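A.B. asks: Predicted model and sequence below, questions to follow.
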Amino acid sequence: MALEKTLSIIKPNAVAKKNIGAIIHMLEGAGLRVMGMKMGNLTQRDAEQFYAIHKDRAFFKELVSFMTSGTVVILALEGTNAVVKNRDIMGATDPKKAAPNTIRAKFGEGIEANAVHGSDSVENGINEVAFFFAERELC
Ligand code: CMP
């Protein structure tokens with residue numbers, strides 16, 4: 001059982017609806033430890049770089065536009081099998097397909113406004129945490 005890092009972003013729709021506390025409560029309840037936390041607005045450059053893997057997808061422009069449309073909360077999370085734990089509590093990308101009692105089922109409003117982002121692999125967990133946090137910002 002490996003101690004892993006993973007990144008969660010509470011997206012603009014969930015921040016605007018005052019769901020920050022409820023989402024962090026669910027993440028902690030799933031066995032994840034918050035080791036870094038930032039609140040702010042992504043620049044276009046941040047969002048384009050962060051989601052660069054999707055740059056050729058039809059939804060890329062809209063994704064960047066949505067992620068820069070309001071405040072986000074960025075969480076560096078740690079735990080045993082943290083990537084899978086985060087993906088399980090987060091639920092499927094499309095909130096309509098997300099299992100009951102997952103974050104996206106409860107707080108997602110559509111495939112874009114799906115309440116949270118989460119790293120999809122151990123490697124991306126490491127890279128995505130490093131994208132937003134310096135080592136000294138992780139507790
Ligand atoms: P996220 O986990 O932040 O990673 C990429 C995001 O693209 C995804 O969540 C969705 O919010 C968004 N997205 C928009 N349209 C689609 C789509 N058709 N398929 C997958 N992701 C999409």
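C.D. replies: Nice, thanks for sending it over. Numbering: from 1, shown residues only.
A.B. asks: can we go C-alpha only for contacts and neighbour counts from here?
C.D. replies: Fine.
A.B. asks: what stretches of this structure score poorly on pLDDT?
C.D. replies: 1 (pLDDT under 70).
A.B. asks: residues from it in reach of the ligand?
C.D. replies: Taking Cα under 6 Å from any ligand atom as the contact definition, the chain meets the ligand at Phe59, Leu63, Thr93, Ile111, Glu112, Asn114, His117, Gly118.
A.B. asks: For burial, what's the neighbour tally of the residue nearest to the second one when sequence neighbours are not counted?
C.D. replies: Leaving aside its chain neighbours, Leu63 sits nearest to Glu112 (6.7 Å; criterion: Cα to Cα, 6 or more residues apart in numbering). Glu112 has 19 neighbouring residues, counting by other Cα atoms under 10 Å.
A.B. asks: what sits against Val72?
C.D. replies: Under the criterion of Cα atoms under 8 Å, 6 or more residues apart in numbering, the neighbours of Val72 are Ile9, Ile10, Lys11, Pro12, Val15, Met39, Gly40, Asn41, Leu42.
A.B. asks: Which parts of the chain are strands?
C.D. replies: 3-10, 33-40, 72-80, 116-118 (DSSP state E).
A.B. asks: Now distance to Ile89 too, for the ones you listed, in TSV please.
C.D. replies: Converted to TSV, the strands of the chain look like this (distance: least, Cα to Cα, whole Å):
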stretch	distance to Ile89
strand 3-10	11
strand 33-40	14
strand 72-80	13
strand 116-118	10
